[in-house]
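1. Take a look and give me a structure for this.
(chains A and B)
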Amino acid sequence: MSQPLLSIEALSAISTRDGGQPVLRDVDLTLKRGEVRGLVGESGAGKSTVAKAVLGILPSTVKLTGGWVRFEGQDLMQMKRAAFSALLGRDITLIPQDPQTALNPARSIEAQLTDGLRLKLGLSRTAARARALELMDEVQIRDPARVLAAYPHQLSGGMRQRILIAAAFAPEPKLVVADEPTTALDVTVQKEILRLIRRMQEAHGTAVIFVTHDLGVVAKICDSVTLLYAGKVIEDGPTARLLNALRHAYTRALLSAGPRYDRPDAGLEPVPEAVFAQLRAEIGLSQSNSEGPRS
Amino acid sequence: MAVSPLITRLGLALVTLFGVAVIVFCLLRVVPGDPVAMMISPSATPADIAALKARYGLDLGLGAQFMLWLGAVARGDFGTSISLRRDVLELIGERLPATLELAFAALVFGILAGGMLAIFGTLCRRTPLEPVLDFLNGLFLAVPDFVWALALVLLFGVFLPVLPISGRLDPSVPVAFATPFYLLESLARLNLAAVGDLLAHMAMPVLALGLPLAAIIVRTLKEALIEAMLQDYVLLARLKGMSPLRLVVQEALRNAVGPTLTLTGVQFTFMIGGTVIVERIFAYPGLGNMAIDAVINRDLPLIQGIVLTFGALFIAINIATDLIAALLNPRQAHG
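-> The predicted structure follows:
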């Protein structure tokens, strides 16, 4: 398996507002089969833009200006619309950020969990239902028959996220894009959900792009990390090496800026301005833009 | 909706109706115009006038007149029309079905046309067609029902005379109806000739009443649909390969329809108000047309009866709107 599952090369994009501000600057990213890759950065660093480019759902305010996104060697940008649509939802799926808004309040869980199986894999209603019950079991939902008949408002946030994870792994995809899937959840539920994604990923041999701003989450779940700042890759490598070596001052500052669960009274430390100044100088951002990147 | 809120609503409806009764009764006695003067010949003596006033109870004080009328109404006696010399309830019973058929036909037309155009407009988002549709929508929002009525008479009655411009049914259609619901009865009996003729007569008034409603539905529903289309569940459904039409209809529509439903209920009551002038223009024998005659003739019992009927109708529409909204809300429908 020499060919990577996904390779992003020199991907560049600008914002169509803000007078053509760059959003991505020559982003490179390679993903092996079954690899979990953290895509880390602050708001507006471009991590979501990369994820959306892979899914072909960039907002109209962002325009790609160069680079390639290759999935199993095929250039997604040059692909025919129909072929790309066939790929999405089958080989590449999404775990969305907010389980509150990602399930249709007017449709039952069964309808929403099975329509992907029916549309993408051509399963019959009964076959899709049987598969849905299996999946519910796999994501550890008790009483799956009852939950299938339920509507989203009858379920907790963690339960909804489990269903969305089940839906994302349902068609046996090769790549799951997880867009900050634990950000909207309670801290206690977060851990379970992270463990669940990792277990599902291992059981199915699925590669995962895990978009997050939390290096703590990365340490728990990711094999490797790509750290973005202002649309540029700052660090890239195996999680262990990155967290041990902490080559870049920004990575160090970012890690120490997170909350310390062992010292809850310690308060939060911001990333020092000097680190930002150094960063901006390195990637050629003008000094006047002291606000940093905007989302 | 549980039973007890419904009973509360019905109780409130009675209070509202009482308020309507008080207002219409007082208003009619404040505006100028003497019903008796409209009925008598110029040669009548003061004794004749006094006798006539006594006969209709118009010689009593205002409070006594109101109590007398309200007591009678509570027993189902709306009095006798002064100009037509017939029982008011009977007259309303003959005319209300014609208006109801017209108003519901216009409602169905407005919802279907408005709903389909809103969905079409959502599908046309970010295409060159969108500004054209929005412009036409704005134009249709600005034209009121009676202007449509006159324009339609000119268009389909004069320049291109393909539709009848007055009445409810052509006298040459040989049918005897057992109920005043001509359209429903003809449909039930599968009398297609009568259905066709009734619909031809209704076409222009339905368009005049329904087009402004359709325009408002397009504006509100399209906005709500576009908002709903931005939700994550629509994005997920799109990734699953749902067609754009199915995305709008299956994913977005049911979540977007709430505000439009409430607005349609309100607009429907306005539209029933609009039947008065539109029925007049098309000489359609409905309640609104009769209301204008009653006002011209200062026919107090008939005006009171008609206004109370309209009031009851408005309240019924509001309650029905709330019930439908509750049924469509999954939070209420599924515990």
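2. So which bits of chain B are right by chain A?
-> B:126, B:231-242, B:250-251, B:254-255, B:330-331, B:334-335 (Cβ under 8 Å from any Cβ of the partner chain). From N, CA and C alone the C-beta is placed, and that goes for glycine too.
3. Could you give me the buried positions within the lengthiest helix in chain A?
-> Ordering each helix of chain A by length in residues (DSSP state H) puts helix A:187-204 first. Buried residues in helix A:187-204, counted by 16 or more other Cβ atoms under 10 Å in any protein chain shown: A:189, A:190, A:192, A:193, A:194, A:196, A:197, A:198, A:200, A:201.
4. quick revisit: make a ChimeraX selection of the buried ones in the residues of chain B next to chain A.
-> Buried residues among the residues of chain B next to chain A (16+ other Cβ under 10 Å), as a ChimeraX selection:
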select /B:231,232,233,234,235,236,237,238,239,240,241,242,250,251,254,255,330
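5. The stretch 1-150 of chain A against chain B: which residues are in contact?
-> Counting by Cβ under 8 Å from any Cβ, the residues of the stretch 1-150 of chain A near chain B are A:55, A:57, A:60, A:85-86, A:88-89, A:93-94, A:96-98, A:101-107, A:112, A:115-116, A:119-120, A:150.
6. What segments of the stretch 1-150 of chain B are helices?
-> Taking DSSP state H, counting those that start in this stretch as the test, the helices found in the stretch 1-150 of chain B are B:3-30, B:35-39, B:46-55, B:62-74, B:88-123, B:129-142, B:145-152.
7. any idea how far residue B:309 is from chain A?
-> Residue B:309 is 37 Å from chain A, where distance means Cβ to the nearest Cβ, to the nearest Å.
8. now for the helix or strand hosting that residue, which elements pack on it?
-> For residue B:309, the host element (DSSP states H and E) is helix B:300-328. Under the contact definition 3 or more Cβ pairs under 8 Å, 6 or more residues apart in numbering or on different chains; DSSP states H and E, helix B:300-328 sits against helix B:3-30, helix B:62-74, helix B:88-123, helix B:253-281, helix B:287-296, helix B:330-333.
9. residues of that helix that come out buried?
-> Buried residues in helix B:300-328, counting neighbours by 16+ other Cβ under 10 Å, are found at B:300-311, B:313-315, B:317-319, B:321-322, B:325.
10. could you point out where chain B is predicted with low confidence?
-> Flagging of chain B using pLDDT under 70 yields the residue ranges B:1-3, B:330-335.
11. Try it again at 50.
-> Low-confidence segments of chain B (pLDDT under 50): B:1, B:335.
12. and what of the stretch 51-200 of chain A?
-> Judged by pLDDT under 50, the stretch 51-200 of chain A has no weakly predicted residues.
13. Can you show me the helices along it?
-> Ranges of helices in the stretch 51-200 of chain A, per DSSP H, counting those that start in this stretch, are A:81-87, A:109-121, A:125-138, A:144-149, A:157-169, A:187-204.
14. Pick the most deeply packed of those.
-> Mean neighbour count (mean count of other Cβ atoms under 10 Å in any protein chain shown) peaks for helix A:157-169 among the helices of the stretch 51-200 of chain A, with a mean of 24.
15. If you count contacts, what does it end up packed against?
-> Here helix A:157-169 touches strand A:92-95, helix A:109-121, helix A:125-138, strand A:175-179, helix A:187-204, going by 3+ Cβ pairs under 8 Å, 6+ apart.
16. Mind doing that once more with 7 Å?
-> On a contact count with 3 or more Cβ pairs under 7 Å, 6 or more residues apart in numbering or on different chains; DSSP states H and E, helix A:157-169 meets strand A:92-95, helix A:109-121, helix A:125-138, helix A:187-204.
17. That helix relative to strand A:175-179, how many degrees between them?
-> Computed with axes from the mean of the first three to the mean of the last three Cα atoms, to 10 degrees, the direction of helix A:157-169 lies at 150 degrees from that of strand A:175-179.
18. Would you mind writing the CA trace of helix A:157-169 as CSV?
-> Taking Å, rounded to 0.1, in the frame of the first residue of the first chain, the C-alpha atoms of helix A:157-169 are listed here in CSV:
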residue,chain,number,x,y,z
GLY,A,157,-26.7,15.2,22.9
GLY,A,158,-24.4,12.2,23.5
MET,A,159,-26.9,9.8,22.1
ARG,A,160,-27.5,11.9,19.0
GLN,A,161,-23.7,12.1,18.4
ARG,A,162,-23.6,8.3,18.7
ILE,A,163,-26.2,8.0,16.0
LEU,A,164,-24.3,10.5,13.8
ILE,A,165,-21.2,8.4,14.3
ALA,A,166,-23.2,5.2,13.4
ALA,A,167,-24.5,7.0,10.3
ALA,A,168,-21.0,8.1,9.3
PHE,A,169,-19.6,4.6,9.6
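19. Could you list the residues in contact with it?
-> A:93-96, A:99-100, A:102-103, A:109, A:113, A:116, A:135-136, A:138-139, A:141, A:152, A:176, A:181, A:184-185, A:189, A:192-193, A:196-197, A:200, A:204, A:206 (Cβ atoms under 7 Å, 6 or more residues apart in numbering or on different chains).
20. ok, and of the buried residues of helix A:187-204, which contact chain B?
-> Contacts with chain B within those, counted by Cβ under 7 Å from any Cβ of the partner chain: none were found.
21. Tell me which two of those residues sit farthest apart.
-> With distances taken as Cβ to Cβ, the most widely separated pair in the buried residues of helix A:187-204 is A:189 and A:201, at 18.3 Å.
22. ok, which stretches of the stretch 151-295 of chain A are strands?
-> Under the criterion DSSP state E, counting those that start in this stretch, the stretch 151-295 of chain A carries strands at the ranges A:175-179, A:207-212, A:224-229, A:232-238.
23. Give me the mean pLDDT for the last one.
-> By that I understand strand A:232-238. Strand A:232-238 shows a mean pLDDT of 88.
24. and if you look at the third one?
-> Summarised as a single mean, pLDDT over strand A:224-229 is 90.
25. tell me the angle that strand makes with strand A:207-212.
-> Here strand A:224-229 runs at an angle of 40 degrees relative to strand A:207-212 (the same axes, to 10 degrees).
26. packing partners for strand A:224-229?
-> For strand A:224-229, the packing partners by 3+ Cβ pairs under 7 Å, 6+ apart come out as strand A:36-40, strand A:232-238, helix A:239-245.
27. Buried deepest among these, which one?
-> Note that of the helices and strands packed on strand A:224-229, strand A:36-40 is the most buried (mean count of other Cβ under 10 Å), with a mean of 26.
28. Setting aside sequence neighbours, what's the nearest residue to residue B:173?
-> Once flanking residues are discounted, residue B:173 sits nearest to residue B:197: 4.9 Å by Cβ to Cβ, 6 or more residues apart in numbering or on different chains.
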